[in-house]
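> Prediction below, plus the sequence it came from.
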Amino acid sequence: MLYKLSELFITKGVPDHIRSDNGSEFSAKSVRGWLERLGVKTLFIEPGSPWENGYIESFNGKLRDELLNGEIFDNILEARVITEQWRKHYNKIRPHSSLNFRPPVPEVMIPHQYASA
């Protein structure tokens, strides 16, 4: 996870804060320490308050409805491959109602060096 965050921080800049639930990803001492050294504040939503993080709750619902409820993965490799295919479709092809039924990052807008991301 730190590798992906580092990559994002390099390409997009270091954010002022990261909001998350109280899951292990951002509450781990090592991650919090790393973020603190970079000057990134961690903001946690209140337990049992999913409306405080509506974007991720919406995404989780789409992931469950569009992918997980329709698949049975036989092994980790299959799960990785199918999930990556869904992620690319979700970000580059699938229309999003909040974006006037356009995908977040249409393939025509992706610089060549990031085309496989």
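That came through fine.

> Please enumerate the helices of this structure.
With DSSP state H, the ranges of helices along the chain come out as 2-12, 24-27, 29-38, 54-66, 76-92.

> In terms of mean pLDDT, which of those helices ranks lowest?
Among the helices of the chain, helix 24-27 has the lowest mean pLDDT, at a mean of 59.

> Leu5 - how many residues pack around it?
Neighbours of Leu5 under the rule other Cβ atoms under 10 Å: 19. Quick note: C-beta positions are derived from backbone N, CA and C, even for glycine.

> Next one: it from Ile18, what distance?
From Leu5 across to Ile18, the span is 8 Å (Cβ to Cβ, to the nearest Å).

> And Lys29, by the same measure?
Lys29 sits at a distance of 15 Å from Ile18 (criterion: Cβ to Cβ).

> And those two? Which one has more around it.
Ile18 (16 against 7).

> who touches the more buried one in this structure?
26, 35, 40-43 (Cβ atoms under 8 Å, 6 or more residues apart in numbering).

> Going by distance to Thr83, which of those wins?
Thr83 lies nearest to Phe26 out of the contacts of Ile18, by Cβ to Cβ, at 21.0 Å.

> Make sure Ile93 is actually in contact with Pro103.
Yes - if you go by Cβ atoms under 8 Å, Ile93 and Pro103 touch, sitting 5.6 Å apart.

> the more surrounded of the two?
Neighbours per residue (other Cβ under 10 Å) separate Ile93 from Pro103, with Pro103 holding more: 16 against 11.

> residues touching that one, list them.
Per Cβ under 8 Å, 6+ apart, neighbours of Pro103: 90-96.

> Can I have the buried ones of the residues you listed as a ChimeraX selection?
ChimeraX command restricting the contacts of Pro103 to the buried ones, with burial defined by 16 or more other Cβ atoms under 10 Å:
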select :90,91,92
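
> Put together CSV for the contacts of Pro103, with distance to Asp65 on each row.
Rendered in CSV, the data for the contacts of Pro103 read as follows (distance: Cβ to Cβ, whole Å):
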residue, distance to Asp65
Tyr90, 12
Asn91, 17
Lys92, 19
Ile93, 17
Arg94, 12
Pro95, 15
His96, 14
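
> If anything else comes up later, I'll come back, but that's it for now.
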